[in-house]
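Participant: I'll drop the sequence and a predicted model, then ask my questions.
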Amino acid sequence: MLVKICGITSPEIAEAAVHAGADFLGFVFAKSKREISADQARKIIEALPEHVKSVGVFVNKGVKEIEEIVQEAGLDFIQLHGEESAETVSSFTSPVIKSLPGTEGGLKKAAEYNAASYLLMDSPPLPHAHGGNGITFNWSILKGNNFSNRLILAGGLTAENVAEAIQQVNPIGVDVSSGVETNGEKDPDKIKAFIQAVRQL
């Protein structure tokens with residue numbers, strides 16, 4: 001089971017996530033309290049072990065701008081968290097994680113994104129946030145999907161509910177951001193507890 005810790009903003013939290021056993025670290029390049037610059041991300045990414053992959057999270061940014069940040073920060077994956085088309089996804093040379101809302105409509109759209117390495121099913125976006133809002137969705141709509149070999153589950157996951165989520169959805173990976181925070185800041189103890197809950201399955 002792959003684990004992605006999203007919204008990394010400091011070397012200390014990156015190191016804590018790596019030690020806890022994270023597979024992916026997410027860096028947000030969109031308007032958010034977790035937003036980071038390409039330069040800040042590069043300094044953190046350069047210190048990561050090779051097996052831990054870096055993911056840049058973008059919301060409706062232009063392809064050229066994304067490619068520039070990928071190069072500058074040294075990102076392994078691009079995560080598209082807006083209304084990007086299937087054509088946009090297939091235009092990148094880097095592997096892409098395409099986020100979709102955990103709704104019937106999002107499930108139908110999943111079939112369009114064959115070029116995406118992973119499909120990340122997340123809580124439907126709020127007016128002020130495309131993700132990281134700490135809200136779960138109805139996991140049962142994902143039962144019987146035909147893309148579980150590239151499905152990453154996100155949205156309101158915590159150390160307390162992630163085991164149940166995995167058993168219901170059977171994804172290839174899980175993604176957490178606000179569920180490992182205390183007072184809006186990443187909490188090393190919560191990161192460790194979350195990954196332990198995943199690995200115990």
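Facilitator: That came in fine, so what should we check first? Residues are numbered from 1 along each chain as shown.
Participant: could you show me where the strands are in this structure, in order?
Facilitator: Ranges of strands in the chain, per DSSP state E, are 2-6, 24-28, 53-58, 77-80, 96-101, 118-122, 151-153, 173-176, 181-182, 185-186.
Participant: so can I have CSV of those strands showing distance to Glu160 and mean neighbour count?
Facilitator: All C-beta atoms are positioned from the backbone trio N, CA, C, and that covers glycine. What follows is the strands of the chain, written out as CSV (distance: least, C-beta to C-beta, whole Å; neighbours: other C-beta atoms under 10 Å):
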stretch, distance to Glu160, mean neighbour count
strand 2-6, 16, 24
strand 24-28, 21, 26
strand 53-58, 24, 24
strand 77-80, 25, 25
strand 96-101, 23, 23
strand 118-122, 19, 26
strand 151-153, 15, 23
strand 173-176, 12, 26
strand 181-182, 14, 14
strand 185-186, 17, 18
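Participant: any idea how far Leu151 is from the residue sitting furthest away from the middle of the chain?
Facilitator: Distance from the centre of the chain peaks at Gly144, with 22.0 Å (C-alpha atoms, centre = their mean). Look at Gly144 and Leu151: by C-beta to C-beta, to the nearest Å, they are 12 Å apart.
Participant: Redo the strands of the chain as JSON lines? Include distance to Asp39.
Facilitator: Below are those laid out as JSON lines (distance: least, C-beta to C-beta, whole Å):
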{"stretch": "strand 2-6", "distance to Asp39": "19"}
{"stretch": "strand 24-28", "distance to Asp39": "11"}
{"stretch": "strand 53-58", "distance to Asp39": "13"}
{"stretch": "strand 77-80", "distance to Asp39": "18"}
{"stretch": "strand 96-101", "distance to Asp39": "23"}
{"stretch": "strand 118-122", "distance to Asp39": "26"}
{"stretch": "strand 151-153", "distance to Asp39": "27"}
{"stretch": "strand 173-176", "distance to Asp39": "24"}
{"stretch": "strand 181-182", "distance to Asp39": "24"}
{"stretch": "strand 185-186", "distance to Asp39": "20"}
